[in-house]
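>>> Just a sequence and a predicted model for now, questions to come.
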Amino acid sequence: MSGQAFLERLKKQFGDRITGANLTAIDPWVDVSPAGLLGVCKYLRDEPDLRFDMLNCISGVDYFETDPKKAAKTDWQPHLEVVYHLSSIPHKTSIVLKIMLPRWKNDQAGELPEVPSVSAIWSTADWHEREVFDLMGVRFLGHPDMRRILCPEDWVGYPLRKDYEMPLEYHGIRGR
Amino acid sequence: MASQLDDPRIIEFDVRTDEMLVNMGPQHPSTHGVLRLVLRTDGEVVSEVTPHIGYLHRCAEKIGENLTPRQYIPYTDRMDYLAGMNMNLGWALAVEKLMNLELPDKARHLRVMIAEMNRIASHLVGMGAYGLDLGTFSPFLYAFREREKILDLFEEVCGARLTYSYITVGGATADLPAGWIHKCEQFLEQLEPVIEEYHALLTTNAIFVRRTANIGVLSPEMAIDYGCTGPVLRGSGVDRDLRRDGEQRYTEMYDGYAFEVIVEKDGHYPKDHAYPAVPSSAVLGDCWHRFYVRMLEVMQSIDLVRQSIDRYTVAKGSWGEPVKLTEKLPKGEAYLETEAPRGQMGFYIVSNGGGAIPWRVRARSSSFCNLSVTHDLCRGCLIADVPAIVGSLDIVMGEIDR
C-alpha cells in the first residue's frame, strides 16, 4: 500500500484526529492527536491487513532551544514529541506515529503534559512509557504503574529535557 | 530441586508458610550485573517478581546530544559490552541512513565478518554464564577459553578487547591486518568441533535439561506483546530475524548469503540432524529452547563468517573510509534496527540540520524489552527457577540501563 493511500484510509477512519503527516521523510510518519491515539493504535494492531503487532520503541524528543539567539532562528515552536515506532511481523512493514505536546500542560511549568497510555495494547509500552516519563517528563494516563524506571524515585527533574540542569547535590553526593 | 513435582502447590499442603518479600540483587551473582529483583514468595513459590533497574544508568542518550556521531561510537560499545561490534554497527547504520551514505561491497562483507564473530563471542558468554546460573562451573571456563581467542583476533584488528569502536560511520576505522583472515579461518576450523562438546556438556546434560525444559514457557503471543526479540522471540517459535526481515540498508549486507533463520518450524529446527535432538520434556518457548537457539546461532555464525571471508577476499573497492569526525548532519530523523546477539537493537537519531551534533539520540535496547517480560514469566514459578528464567533471557545490564 502506498503511503498516500494509507494516509487517506487513516484520515477516512479517524478524521481530524490525524493531524498531519510527512510522507517524504526517511521514515515517513503520521501525526496523531492525543485524543485519537488509542483508537489509531488499536486499529493499526487489529486490522488484518495492517497487523502492527510489535511496538519497537517509544521515544520522547524535546524541541526547545536554551540559547535565545539560536531560539529566534529555529523553524519550530518549543514543543515535545512522543514518537512511536511500530512494526508488523507478518507483513514485514513498519510505521511511525508522532504526537505533538506542549512542553508543560496549560503552559504551567511543572505540570506534565498528558498522553493516553498504550500499555493495554502492547505490554512492552509499560516500561517504555515509564522511561519516557522518567527522562522526558510526559505523563501517560491509564498506565498501571507510572513510576520512574532508570533514575531513583526521589530524583528531581527530567534529564532529557533541553533545559534540565544537573542538581548540585543528591543525598550528599556532589553533582556538578 | 523441587521442580520435578508436577504440581508445585503440593508443597503447600504440608508446610504452613507466610508471604515474604525476598530481595535478590543488585549484587547477586545470578542477576548478571546490577539487576535487583524483589520476589513476593509464599514458601518456595514466587507469586510476583518486580525488577528494579537503573543501577548502571550512564545517561548515554544525553551524552549523544553533545557529541558528533563518530565521537559517540565508544559510548555504544559500553551499552552491550559483550557485543560492542554489533552496537557500533547498529549506530553506524542508523547514522548512515540519516546521511544517505552508501558503502562499498568490501566494507559490507568486512562488517558481516566482524559482527558475526562478535555474535559467536557473545553467545559463548551467554552459554557459560547460563551454566553458572544453574550451578555448573566448567562450561563457563570452556566458553571463555574460546571467547578469549576471538578477543585476541579482535585485538589484532583494532587494539581493544572489549570496547572496540572499530565499525564506524562510513565503514571501519582500518582494514584487517595482513594474515588475519588466515588466523580467523584456523580459529573457525578449531571452534566447530568444540561446539559439539558443549552440547554434550550442557545442552543434553540430564540435570541441565531438568532445570530448563518446561520452565518459564513464553508463548509466541506474549513474546510479541512484550516486544521480545532475538533468540528469546525465536525460542518461542516466531520466525523473525532482521538479517532477513529487516530494513533494506541492513539486509543488503547479507545479500547472497545462504542462511536459515534458527526457529522451530513444523516441529524441527533447520539442519537439526547434525545437532542433539530436542528432549521430549522440552516445550517450545521454554528456557531450554532459548538456550538451544543461541547454540545453533553460533554454528550459523561460523558459517556466515566463512561465507563473508570468501566474499571479502574477492570484493573490490575500499574497506570504507570513515567520514570526518565533524561531518555535518542533514536535517531529518532516522530509526534503524539491527539484529544484535540479544535481539533487535534500534537507534533513533534526530538532527535539526544545525551542525554535526544530533538533536536527539535514542537507543532501543533489546535486553530492556526482553527483561520486561520476567514479571509475567516468573509468576507462579519456584524460587530456584528465577535465576534459570532470568538467565535464559541473556540480559546485559549495560544495555538495559544505558
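Structure's in. What do you need? Residues are numbered from 1 along each chain as shown, chains lettered A, B, ... in the order given.

>>> and the residue of the stretch 51-200 of chain B found nearest chain A, how many neighbours?
Relative to chain A, the nearest point of the stretch 51-200 of chain B is residue B:54 (4.0 Å; CB to the nearest CB). The C-beta positions use only the backbone N, C-alpha and C, and glycine is treated the same way. For residue B:54, the neighbour count with other CB atoms under 10 Å in any protein chain shown is 22.

>>> Not counting its neighbours along the chain, what's nearest it?
residue A:150 (4.0 Å; CB to CB, 6 or more residues apart in numbering or on different chains).

>>> ok, now residue A:77?
Residue A:77 sits nearest to residue A:63 (CB to CB, 6+ apart), 7.8 Å away.

>>> so the one you found makes contact with residue A:80?
Yes. Residue A:63 is within contact range of residue A:80, at 7.1 Å (criterion: CB atoms under 8 Å).

>>> These two: which has the busier surroundings?
residue A:80 (23 against 18).

>>> Adjacent strands (with direction) for the helix or strand containing the more buried one?
Assigned by DSSP states H and E, residue A:80 belongs to strand A:79-88. When pairing is defined by DSSP bridges, strand A:79-88 lines up against strand A:54-63 (antiparallel), strand A:93-101 (antiparallel).

>>> Any figure for the gap between the spatially closest residue to residue B:386 that is not a sequence neighbour and residue B:49?
Nearest non-adjacent residue to residue B:386, counting by CB to CB, 6+ apart: residue B:378, 5.6 Å away. Residue B:378 is 4 Å from residue B:49, where distance means CB to CB, to the nearest Å.

>>> What pLDDT is listed against the residue nearest to residue A:77?
The score at residue A:63 is 90. That number is its pLDDT.

>>> ok, and the closest non-adjacent residue to residue B:372?
Per CB to CB, 6+ apart, closest to residue B:372 is residue A:127, 4.4 Å.

>>> Please apply the same query to residue B:175.
residue B:319 (4.3 Å).

>>> next one: residue A:74
Closest to residue A:74 by CB to CB, 6+ apart is residue A:65, at 5.5 Å.

>>> which phi and psi does that neighbour have?
phi -110, psi 120 (degrees, to the nearest 10).

>>> That one reaches residue A:71, doesn't it?
Yes. Under the criterion of CB under 8 Å, residue A:65 makes contact with residue A:71 at 3.8 Å.

>>> ok, back up a step: just name the most buried of the strands paired with strand A:79-88.
strand A:54-63 (a mean of 24; mean count of other CB atoms under 10 Å in any protein chain shown).

>>> Centre of the chain to it, how far?
The chain centroid and the centroid of strand A:54-63 are separated by 5 Å under CA atoms, centre = their mean, to the nearest Å.

>>> For residue B:372, grab the count of nearby residues.
The burial count for residue B:372: 25, using other CB under 10 Å.

>>> The strand holding residue A:80 - what's its average pLDDT?
92.

>>> Name the residues of the stretch 151-300 of chain B found near chain A, please.
Within the stretch 151-300 of chain B, the positions near chain A by CB under 8 Å from any CB of the partner chain are B:222, B:224-227, B:238, B:240, B:245, B:247.

>>> do the same with the stretch 301-402 of chain B
Listed as neighbours of chain A in the stretch 301-402 of chain B under the rule CB under 8 Å from any CB: B:332-335, B:337, B:344, B:346, B:348, B:350, B:352, B:354, B:359-360, B:362, B:364, B:368-369, B:372, B:376, B:401-402.

>>> One more pass at 10 Å, please.
Contact residues, the stretch 301-402 of chain B versus chain A (CB under 10 Å from any CB of the partner chain): B:330-337, B:344, B:346-348, B:350, B:352-354, B:359-365, B:368-373, B:375-376, B:400-402.
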